[in-house]
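Colleague: starting from these lines, generate the structure:
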Amino acid sequence: MQQRWSIYLLAIFMLGLDSKLVGQAFQPEFAEPLMNLTIPIGRNATFRCLVQNLGGYRVGWVKADTKAIQAIHVHVITNNHRVGVSHNGQTVWNLHIKNVQEEDRGQYMCQINTDPMKSQMGYLEVVIPPDFIAEETSGDVMVPEGGTARVTCRARGMPEPRVLWRREDGADIVIRDSNGSKIKVAQYDKEILSLTKISRSDMGAYLCIASNGVPPTVSKRITIKVHFHPVIHVPNQLVGAPLGTDVTLECYVESSPKSINYWVRESNEMVISSNKYEVVNSVISSFENRMMLTVRRLTAADVGGYRCVAKNSLGEVDSVIRLYEIPKPSVKNTSPVDKREEYKYSTPIEGPDDQFGSADRSDDEDERETATDTTDRHLNAYKHENVTRNRAIHYSTTSDQKLSNKNFSTEHPVLFIYELCPMRTDGALDQQYFHINVQAFHNTDLGTQTFLG
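Modeller: Numbers count the residues shown, from 1 in each chain. Model prediction:
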């Protein structure tokens, strides 16, 4: 109360109150309350004070918390060059503050020099959009696979900003606890993001987003890189094609840091793009690449092994793809047949042990076996012992064949080509599994059969 009286006395002195006005018939009144203002830093603020029956009285403005007089009637008193006043007749009185700063925050009083003094107050809140504290915010990080990545993001502003994390690619963030259990969340609402037992799938860009309702919302992009030894996956380790055609070999590589990828022949000759070869490396993700090698116009000299190699600072890995020739069959068939069916096998069917020839047959004998062989052989799944290599064997038949619950009949010789492709070896059972690619001519493509060799 005493402070208020002091302000009143100071105002009376500055306003030069005329004693004749004290007995004025109609005393001034405020027409409406002084509104509180919330203004972003750097913007302009205006308090509006509405007065009725001002008469010969005067209006003054005071910053109440510092007792600093801002203006009296139409005159600015403060040394703050950003403060100004305006009025509209005797009713509307405005206090203007340009380019609002934090020090402008506080209570402002509009007063009339009556006796006793009449006044009302409004509060100026200066809000500040969020901004990151550089020295307390992480940059990009690199961690080994299985390790822990810890990134921090701190922001300031008024009111205090809310900080959350999201993945830039929209994937879920995987949070693992000390027990190994994990939860997936679309966003993580803490300043510190800790990723334990990190895997390559956690690698990528993370967005730290800070907001407090004052535009603009700000974000920072932090990249988490996970390092691991290169890994190669080969969809087909045995690829065949007829001479004169183009054939493509594929390898899929996962590595971080990014690996150097290249192709090498069995002779250790590096394969580069040329009229003969086309080498393409395409990016699948931040740590995945596809290696493709296309051999144009296949010749006998092109047959053999091709190694796809991936090398980074953590190690080197390679895998071999065998490229072989598929002979073009000579089928004597003039009948207008244009029938295509797809045959699928689901379970092995037992057949004679010599369906593919005995284990001690020579390579020359295999090659001499032609499409004109009239040996009666059944199209079946075959169990063949001691198969240790890949080969294509040709059969012809004029008999009715039953294949995967489908009947295939013809009055003319039909050529079947069997391609043996090793899939895996079961060491515990001392058995080797093969994949048989089957083609039937004329114009009939068959499916595949897995059998136990």
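
Colleague: tell me how many other residues crowd V151.
Modeller: 21 (other CB atoms under 10 Å). For glycine as for every other residue, the C-beta is placed from the backbone atoms N, C-alpha and C.

Colleague: list the beta-bridge partners for it.
Modeller: Per DSSP bridges, residues listed as beta-bridge partners of V151: L193.

Colleague: and for V174?
Modeller: Note on V174: beta-bridge partners by DSSP bridges are K184.

Colleague: go ahead and confirm it touches Y188.
Modeller: No: with contact defined as CB atoms under 8 Å, V174 does not reach Y188; the gap is 10.2 Å.

Colleague: these two: which has the busier surroundings?
Modeller: Set V174 next to Y188 and count neighbours by other CB under 10 Å: Y188 wins out with 20 against 17.

Colleague: correct me if wrong: that one contacts R167.
Modeller: No: using CB under 8 Å, Y188 is not in contact with R167; the gap is 9.6 Å.

Colleague: quickly list what's touching both of the two.
Modeller: I173 (CB atoms under 8 Å, 6 or more residues apart in numbering).

Colleague: tell me how the chain divides into domains.
Modeller: Following automatic domain parsing, one finds the domains of the chain at 2-128, 133-228, 234-325, 363-452.

Colleague: got CSV for those, with mean pLDDT too?
Modeller: Listed next are the domains of the chain as CSV, based on pLDDT from 0 to 100:
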stretch, mean pLDDT
domain 2-128, 87
domain 133-228, 95
domain 234-325, 96
domain 363-452, 40
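
Colleague: S256: what's it in contact with?
Modeller: Going by CB under 8 Å, 6+ apart, S256 touches R200, M203, K225, V226, H227, F228, S286, F287, N312.

Colleague: could you do T66 as well?
Modeller: Per CB under 8 Å, 6+ apart, neighbours of T66: G106.

Colleague: and it, that one's in a strand?
Modeller: No: assessed with DSSP: H, G, I helix; E, B strand; the rest coil, T66 is coil; it does not lie in a strand.

Colleague: how close does R322 sit to S201?
Modeller: In this view, R322 and S201 are 32 Å apart by CB to CB, to the nearest Å.

Colleague: the two: who's more crowded?
Modeller: R322 (18 against 11).

Colleague: that one: what secondary structure?
Modeller: Going by three-state DSSP: R322 is strand.

Colleague: just the strands in the stretch 51-200 of the chain please.
Modeller: Residue ranges of the strands in the stretch 51-200 of the chain, as given by DSSP state E, counting those that start in this stretch, are 59-63, 68-72, 75-76, 83-88, 92-97, 106-112, 118-132, 141-144, 149-152, 155-158, 162-167, 173-176, 182-185, 192-195.

Colleague: and the first one with strand 68-72, angle?
Modeller: An angle of 160 degrees separates the directions of strand 59-63 and strand 68-72 when computed by axes from the mean of the first three to the mean of the last three CA atoms, to 10 degrees.
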